[in-house]
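Asker: return atomic coordinates for the entry below.
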Amino acid sequence: MNRILLSAATCAAALLSTGAMAAPPEPKPLSAQTRANLEAAMHGEAYANLKYLRYADQAEAAGKPELARLFRESANIEANEHFDREAQALQLGGANSANLEDAMAGEHYENVTMYIDFARQAEADGDTKVAAMFRQIAVDEGMHYEAYKAALAKLSPR
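Answerer: The predicted structure is shown next:
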């Protein structure tokens, strides 16, 4: 019995000394096209998730609980399996400050450019209700920007 324990300990020591416990090598950077494909896939998965949740609410309201459950189960897979795996492959996210800066850039663009342009186009097309909605959403995006900016300021050393 002591010989077996001694042999196991010797094997464990040999594994540790050969670097078996060393940190894994850095992953190879993704190609630009793979990154673009992952981002497109993630946008599709996120959209499908929210769309299926809306479909589930509509099915529930129509008295179709089984159909609602099917949509909710699919929505869960889209977000919590597909999107999550793609985000991991993309290595989405990093330091809190970098995440806040990225979020600020997106919200600022939506606040001052994207939704304003969408509102102008909708107005030009005579879709005044949608134009008003776009302008209201632009305001929301500005509030998100300010909230992220305040959070970033709290992270920064003074």
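
Asker: and the closest residue to L50 other than its chain neighbours, helix, strand or coil?
Answerer: Residue nearest to L50 in three dimensions, not counting chain neighbours: A75, with 7.6 Å by C-beta to C-beta, 6 or more residues apart in numbering. Every C-beta, even on glycine, is put in place using the N, C-alpha and C of the backbone. With DSSP: H, G, I helix; E, B strand; the rest coil as the basis, A75 sits in helix.

Asker: neighbours around A75, how many?
Answerer: A75: 20 surrounding residues under other C-beta atoms under 10 Å.

Asker: same check on A124?
Answerer: By the criterion of other C-beta under 10 Å, A124 has 9 neighbours.

Asker: please name the residues that touch it.
Answerer: Contacts for A124 (C-beta atoms under 8 Å, 6 or more residues apart in numbering) come out as none.

Asker: just for the chain, where's the confidence low?
Answerer: Applying pLDDT under 70 to the chain picks out residues 1-24, 157-158.

Asker: grab the most central residue of it for me.
Answerer: A87 (6.3 Å; C-alpha atoms, centre = their mean).

Asker: correct me if wrong: the residue nearest to L50 contacts A59.
Answerer: No: in this structure, A75 is not within contact of A59 by C-beta atoms under 8 Å, at 11.8 Å.

Asker: what's the closest non-adjacent residue to the residue nearest to the centre of the chain?
Answerer: With sequence-adjacent residues excluded and distances taken as C-beta to C-beta, 6+ apart, A87 is closest to M42, at 6.3 Å.

Asker: what does L90 give?
Answerer: L38 (4.5 Å).

Asker: residues near that neighbour, how many?
Answerer: 19.

Asker: can you give me the buried ones in the helix or strand harbouring it?
Answerer: When elements are assigned from DSSP states H and E, L38 belongs to helix 32-61. By 16 or more other C-beta atoms under 10 Å, the buried positions in helix 32-61 come out as L38, A41, M42, E45, A46, A48, N49, Y52, L53, Y55, A56, A59.

Asker: picking up where we left off before, residue contacts, the residue nearest to L90?
Answerer: The contact partners of L38, by C-beta under 8 Å, 6+ apart, come to L30, E86, A89, L90.

Asker: what about L92, which SS state?
Answerer: coil.

Asker: what's the neighbour count on it?
Answerer: For L92, using other C-beta under 10 Å, the count is 15.
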